[in-house]
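Trainee: Predicted model and sequence below, questions to follow.
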Amino acid sequence: MKSQLRAASPSAVPAMLVTKRHLLVTLADEAYFDQAKQLFSSAYFSGGWRGDFMILTDRLSSEKKDWCEKHGILVREAQPLYTEVEWNRRKNQLIRTIGKIHPVITTLKCWLFTEEFKAWETIVYLDSDMIVLAPIDALVNQKRFATASDLSNNIADQFLDPQTLAQKLGGKYDFSLPSFNSGIFCIPTSMIDGTTFETLKRLFNECLDHCKYAEQGVFNLFFYNKWKKLPMAYDCFVGAFLRKLFPSGLNPRHFNGIILHFADIMEKPWVWTSEYHAIWKENLARSEELGRESIRGTGRYRKLVTRGYAASMPLRFYFRANIPKWIAR
């Protein structure tokens, strides 16, 4: 039996609060509020972001909403596409397969494709387990849906039983094509029309029982052959991937991607044992300065040449990982 999608609309943001051309969004609830604060702080002070900020949430206390209002951060409340009961009926299968189940709040990302968000020219979405280290201005210049490649090899890796799903969808998709990670994406809102959100919801309902990683597989099908690949510097996974390159340990002073993504559940920077905990804590403390007009235009890395920085990322990875081996020979 198929789950019934919930269609309750989020409360609209008053037009008077839309003050910039571009919007940076993350998901957060009561438990992840500090993570959102740290992300926005790093995006402002290290990333030079000068657009609007928004927390997309299914629930947030009055106290935290008041903090957001004080610091110039918009809050949008919306219902997830599914109830907790509907979402969790896949729990046992997912825990056996990948060891976890993503929270239902991740389905709120779909609301970003409603026409209400056309109030901005560009929507940039970042997961709250990220740290911005360098300018992200280039993300607002995308002319099509843009995102970063996933560590999974292909679209098939996004699903529990890709062959069954491929047949169910009528063979319209080549599941061997590369997949992307939905922890970061850029939406030029000119691509959104009155049918976008409803089409995405219908696809979600068809694929839900086959998904490993919440909305990520659905997004890969929705934007099949219609996405632009961002440089890997914008989505540097800190976890198993980097541990293989730097087996002796990570040194934040020597590792400089544009955006670090702590997707591995064992590598979260808010845990005191993380090599990045001090950076995360500093960003969190600086979030109290957000919204003060006196700090406008003071981003530390504003003049960094981001394009060359991003392009050189794979080479820096390669040489840093292999120079010690060459010296030892």
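Mentor: Received, thanks.

Trainee: so where's this structure uncertain?
Mentor: Counting by pLDDT under 70, the chain has low-confidence residues at 1-18, 240-245, 247, 249-250, 252-256, 265, 293-329.

Trainee: what does whichever helix or strand Ile184 is part of contact?
Mentor: For Ile184, the enclosing helix or strand under DSSP states H and E is strand 180-188. The contact list for strand 180-188, computed with C-beta atoms under 8 Å, 6 or more residues apart in numbering, reads 109, 112-113, 117, 121-127, 129-130, 139-140, 142-151, 215-216, 219-220, 223, 227, 229-230, 234-235, 259, 261, 263. Placement of C-beta: from N, CA and C, glycine included.

Trainee: cool, and stretch 257-273?
Mentor: 34-35, 38, 47, 100, 126-127, 129-136, 181, 183-184, 231-240, 274, 276-277, 279-280, 306, 309-310, 313.

Trainee: Name only those of the residues you listed that count as buried.
Mentor: Buried subset of the contacts of stretch 257-273 (neighbour count, 16 or more other C-beta atoms under 10 Å): 34-35, 38, 47, 126-127, 129-136, 181, 183-184, 231-239, 274, 276, 279-280, 306, 309-310, 313.

Trainee: Now intersect the contacts of stretch 257-273 with the strands, please.
Mentor: Leu126, Met130, Ile131, Val132, Asn181, Gly183, Ile184, Cys236, Phe237 (DSSP state E).

Trainee: Checking Ile55 next. Helix, strand or coil?
Mentor: For Ile55, the assignment made with DSSP: H, G, I helix; E, B strand; the rest coil gives strand.

Trainee: His71 is in contact with that one, correct?
Mentor: No. Counting by C-beta atoms under 8 Å, Ile55 stays clear of His71, with 11.0 Å between them.

Trainee: quick one: which of those two has more around it?
Mentor: Ranked by neighbour count (other C-beta atoms under 10 Å), Ile55 and His71 place Ile55 first, with 25 against 17.

Trainee: got a list of what that one touches?
Mentor: The contact partners of Ile55, by C-beta under 8 Å, 6+ apart, come to Val25, Thr26, Leu27, Ala28, Phe33, Ala36, Cys68, Ile73, Leu74, Val75, Arg76.
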